[in-house]
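> Sequence plus predicted model, see below.
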Amino acid sequence: MTGCGSESGARYTVWYADVMDANPIANAITQGLYDTLDKNGVKVTRSLAVDSTTGQIDLAAQSQALTRAIAAKPGAIAYFVLDPKASKPQIQQALAAHIPVFAAFGKPGFKVTGYLALDDRAAGRASASYLAEHLPAGGKVAMIGGPRTPTGLATEAGAAEALEDAGMTIVGDIEQQRNLSDNSEGGNKVMQGILQRFPDVQGVFAYNDDSALGAIAAAKQAGKSVKFTSRNGTADAVAAIKSGDLLATCDLQPVQLGQALGKAILAELKGTAELDNTAIEPPNAGDCLITADGVAAWKPYEQQVNYRKIPLG
């Protein structure tokens, strides 16, 4: 189902319906994707799924971006799966127009050309288990969640399982502790609320590094000693591990994830692969945890690939 488009050279353009540019992991994934495609002469356009008024992730904004993408007649479309049921009409319209569609970081509830899914549950388990190992038996732990994306929900489920298996006491309701702004300021506000309700909380698992860093700042401001772990493996999180503020984070290898997605798209564009709702193999994460013991070996994403500005559409 190789995309060819109606204009000359259109099969060598890709539209990526991304999430937001405030998230360092999303940016690293996008840069890995761009790096692979750009090196092979493929032009990339990026759009964001952010409500211009609230600054929060918005499904409607992504659906609108996909509509613009179809009108642009690219050789392929890729999109970050915010909801496995969302944007089905746009995806089906693209496929009917012979535009291959690739789902990134989740399997949709309908047919696409190819999809890249992660073992998010395992990542959540690894980070939360490490937190439990550093808390007393039955310790009180809160969880900071994020927007209800498939990858985030699976991460949170894995973390909850690990904390329960370790005999921790989970306090609060994650549905009331979601950082919908997906940044450190949002994590700070959520943590302030947690501390008001549970001033004796001993540990916190955060669904991403930015949330953890904001929560750490809130705990410091309140004069509370709380242990934190998170997921993503950003440079700021690594710095927090070095300083002793963060116990651990799970490195998603986002640059490599973007590159894996880019290689699959490239193979479809060049006709070297025929994909049909095909699972794309992610990089082998192995042991994802970055802790004080191995933090020196980690390299910032900006040193793993040449970051460049990607045109927005």
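Here it is on my side, so go on. Everything quoted here is computed from the prediction, not taken from an experiment. Residues are numbered from 1 along each chain as shown.
> And Tyr35, what's its pLDDT?
Slight slip there: residue 35 is Asp, not Tyr. With respect to pLDDT, Asp35 scores 96.
> How about it, nearest residue that isn't a chain neighbour?
With CB to CB, 6 or more residues apart in numbering as the criterion, Asp35 has its nearest non-adjacent residue at 4.8 Å, and that residue is Val305. (Glycine included, C-beta is placed from N, CA and C.)
> just the helices in this structure please.
24-39, 59-72, 88-96, 120-133, 150-165, 184-197, 209-221, 235-243, 254-270, 301-304 (DSSP state H).
> and the shortest one, what does it pack onto?
Okay, so that is helix 301-304. helix 24-39, helix 254-270 (3 or more CB pairs under 8 Å, 6 or more residues apart in numbering; DSSP states H and E).
> show me the contacts for Cys250.
Applying CB atoms under 8 Å, 6 or more residues apart in numbering, we find Cys250 in contact with Ala123, Gly124, Ala126, Ser127, Ser230, Arg231, Asn232, Gly233, Cys288, Leu289, Ile290.
> can we see that at 10 Å?
Listed by CB atoms under 10 Å, 6 or more residues apart in numbering, the contact partners of Cys250 are 120, 122-128, 130, 155, 208-209, 229-233, 237, 285, 287-290.
> returning to what we had before: just to check, the residue nearest to Asp35 is in contact with Leu257?
No. Assessed by CB atoms under 10 Å, Val305 is found out of contact with Leu257, at 11.7 Å.
> any residues in contact with both of these two?
Joint contacts of Val305 and Leu257 (CB under 10 Å, 6+ apart) are Ala28, Gly32.
> Show me the shaky parts of the stretch 201-313 of the chain.
Counting by pLDDT under 70, the low-confidence segments of the stretch 201-313 of the chain come to 285-286.
> same check, this time on the stretch 1-150 of the chain
1-11.
> what's the spacing between the nearest residue to Asn40 once chain neighbours are set aside and Ile57?
What sits nearest to Asn40 in space, not counting adjacent residues and going by CB to CB, 6+ apart, is Leu266, at 5.5 Å. For Leu266, the distance to Ile57 equals 28 Å [CB to CB, to the nearest Å].
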